[in-house]
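[1] Next come a sequence and a model predicted from it.
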Number of protein chains: 2
Amino acid sequence: MAGNDVISRRSLHGELVDLLHDMVLDGELRPGDKINEQALCVRFGVSRTPLREALKVLASGGLVILAPNRGARVARISPQEIDQLFPIMGALESLAGELACQNISNADIARIRKLHDQMVHHYEKKESAPYLKLNRQIHEAIFDAANNAELTQLYHTIMVRTHAVRFTAKKSPARWHEAVEDHVKIMDALEKRDGTRLGVLLKDHLRHKASMVHESLTEMSAEAAE
Amino acid sequence: MAGNDVISRRSLHGELVDLLHDMVLDGELRPGDKINEQALCVRFGVSRTPLREALKVLASGGLVILAPNRGARVARISPQEIDQLFPIMGALESLAGELACQNISNADIARIRKLHDQMVHHYEKKESAPYLKLNRQIHEAIFDAANNAELTQLYHTIMVRTHAVRFTAKKSPARWHEAVEDHVKIMDALEKRDGTRLGVLLKDHLRHKASMVHESLTEMSAEAAE
DNA sequence: GCTTTGCATTTTGCATTCAAATTCGGATGT
DNA sequence: ACATCCGAATTTGAATGCAAAATGCAAAGC
């Protein structure tokens, strides 16, 4: 979707969608935060019209909540939403895995294997940040291999909605181990191009992730008062 | 103090999103049609601002295409998009089927059985319109039983994008027969609450549907010049 | 005859403006 | 002291205004 033609003639509201998007992802705007139109307008040097258009778009994607006459807030994510969204992400990743197995080249498998080995290496050294980065790259690579832009974009919009878990989710050692084990199996199925199995594994992997996040989220919400 | 929603205080742009949505679904706005802002403004008696907001939202959902400085058009659907979207719908319906089997009551199964039998009856009489209506109701009922609002909504937005096929798609007798056979199996799996099998069947069903639409779409685009 | 050029009209993108709703602070009454 | 009410200030929702871009069309050039 980064379709920049030679002459990048993007619209202002489009830029703003990305900008706000990034602000939410970077944690500059936290879930539940009020979004002050005027403040953002002066910050970005635009008028309210395009900003409001961007907010409507983000709201339709579920990233912000618009309360009539009360303005916009960054959406919070509830345990119920986690329960609903993760199975969806599971289904989509599962599909991505199946499709990837149909298309992927040996070179791309080798590339993912490399990412995988590096990731495991970081796991063994308990280096969380580079682990997470490689993890993301692996999943991205699978989606790339699936060669279905609509699928990739859809997955991305949903995943963004779960961004909030980053502020709470902390992998327990057991969960982390589980995740790595999942990935070993995933890598194996991918190398065998066993799409069906890869699909199941990815769905399971997401289910584990959901459990992890759900645990961590309920536990956190217990101690964090509003 | 949360229950003030008795008075539906919807925003204008929200109304317009639905309105335009319906216009596209009803075929009043056909794929490829230019959307004239001013004309719609006078028609709905609103100013351009909320209308434009609505267009941005619809564009983010893929139902309309915005070309910078060139306005909005109702999105066309290409065979490639069909190829990308139908597997996604398949994955989502498959998930819906699996979830439905976990939750569904006997009463709901009986209700769906009734719809199914009616639908088959209409198939035998080759009554296309009531067949399609019952078909839709069955799929809706499965999503309802899945009890995942996010999933239902997501499916709906994607399905809407494929609305265009209504103008071209014509079931061949063979394809129609295939679809009914799929449904017989689907009904069976549902009554046995065999989620895994139902999931596979629904995925297959969508794959068949995709083939059908794809055939019909390429064939039509061959004879229809721009 | 066909394409290209220049200009008027229309359409689009965004800023500004205005009215309605909400929020906040303090005064009032119990 | 506490809750309630009132009004100013802020904030939101939508209409209007205005400049830039695109479109349509007629005349000029090849």
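    Looks like it arrived, so ask away. No experiment lies behind these values; they were computed from the predicted model shown. Numbering: from 1, shown residues only, chains lettered A, B, ... in the order given.
[2] quick one: the closest residue to residue A:184 other than its chain neighbours and residue B:42, what's the gap?
    Nearest residue to residue A:184, sequence neighbours excluded (Cβ to Cβ, 6 or more residues apart in numbering or on different chains): residue A:120, at 7.6 Å. C-beta: built from backbone N, CA, C; applies to glycine. Distance from residue A:120 to residue B:42, counting by Cβ to Cβ, to the nearest Å: 63 Å.
[3] Neighbour count: these two, which is higher?
    Neighbours of residue A:120 and residue B:42, each counted by other Cβ atoms under 10 Å in any protein chain shown, are more numerous for residue A:120; the result is 16 against 10.
[4] Retrieve the pLDDT associated with the more buried one.
    On pLDDT, residue A:120 comes in at 97.
[5] picking up where we left off before, would you check how far apart the residue nearest to residue A:184 and DNA strand C are?
    Between residue A:120 and DNA strand C the computed distance is 46 Å (Cβ to the nearest atom of the strand, to the nearest Å).
[6] any idea which helix is longest in chain A?
    helix A:195-223 (DSSP state H).
[7] buried sites along it?
    Within helix A:195-223, the residues that qualify as buried are A:195, A:197-203, A:205-206, A:208-210, A:212-214, A:216-217, counting by 16 or more other Cβ atoms under 10 Å in any protein chain shown.
[8] which helices and strands does that helix pack with?
    helix A:79-103, helix A:173-191 (3 or more Cβ pairs under 8 Å, 6 or more residues apart in numbering or on different chains; DSSP states H and E).
[9] For residue B:27, which of the ones you listed is the nearest?
    helix A:79-103 (30.0 Å; Cβ to Cβ).
[10] Report all helices and strands that the helix or strand following the closest one contacts.
    Counting by DSSP states H and E, the next helix or strand C-terminal to helix A:79-103 is helix A:106-124. Other helices and strands packing on helix A:106-124, by 3+ Cβ pairs under 8 Å, 6+ apart, are helix A:128-146, helix A:173-191.
[11] I'd like these laid out as TSV, including mean neighbour count and distance to DNA strand C.
    Output for these, formatted as TSV (neighbours: other Cβ atoms under 10 Å in any protein chain shown; distance: least, Cβ to the nearest atom of the strand, whole Å):
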stretch	mean neighbour count	distance to DNA strand C
helix A:128-146	18	30
helix A:173-191	17	40
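[12] can you list the weak-confidence ranges in chain A?
    Applying pLDDT under 70 to chain A flags the ranges A:1-9, A:168-169, A:217-226.
[13] Let's see that with 50 instead.
    A:1-7, A:224-226 (pLDDT under 50).
[14] so which residue of it comes closest to DNA strand D?
    Residue nearest to DNA strand D within chain A (Cβ to the nearest atom of the strand): residue A:71, separated by 2.6 Å.
[15] Look up how far DNA strand C lies from that residue.
    Between residue A:71 and DNA strand C the computed distance is 8 Å (Cβ to the nearest atom of the strand).
[16] do residue A:84 as well
    Taking Cβ to the nearest atom of the strand, one finds residue A:84 at 28 Å from DNA strand C.
[17] Quick check: residues of chain A near DNA strand D?
    Applying Cβ under 7 Å from any atom of the strand, we find that chain A lies next to DNA strand D at A:9, A:34-38, A:48-49, A:52, A:66, A:68-72.
[18] again, 10 Å this time
    Counting by Cβ under 10 Å from any atom of the strand, the residues of chain A close to DNA strand D are A:7, A:9, A:34-41, A:47-49, A:51-52, A:55-56, A:59, A:66-73.
[19] Buried subset of those residues as a PyMOL selection?
    Of the residues of chain A next to DNA strand D, the buried ones go into a single PyMOL selection, burial set by 16+ other Cβ under 10 Å:
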select buried, chain A and resi 35+40+41+51+52+55+56+59+66+72+73
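[20] Out of the residues of chain A next to DNA strand D, which are close to chain B?
    Restricting the residues of chain A next to DNA strand D to those near chain B by Cβ under 8 Å from any Cβ of the partner chain leaves A:9, A:49, A:52, A:56, A:66, A:68, A:69.
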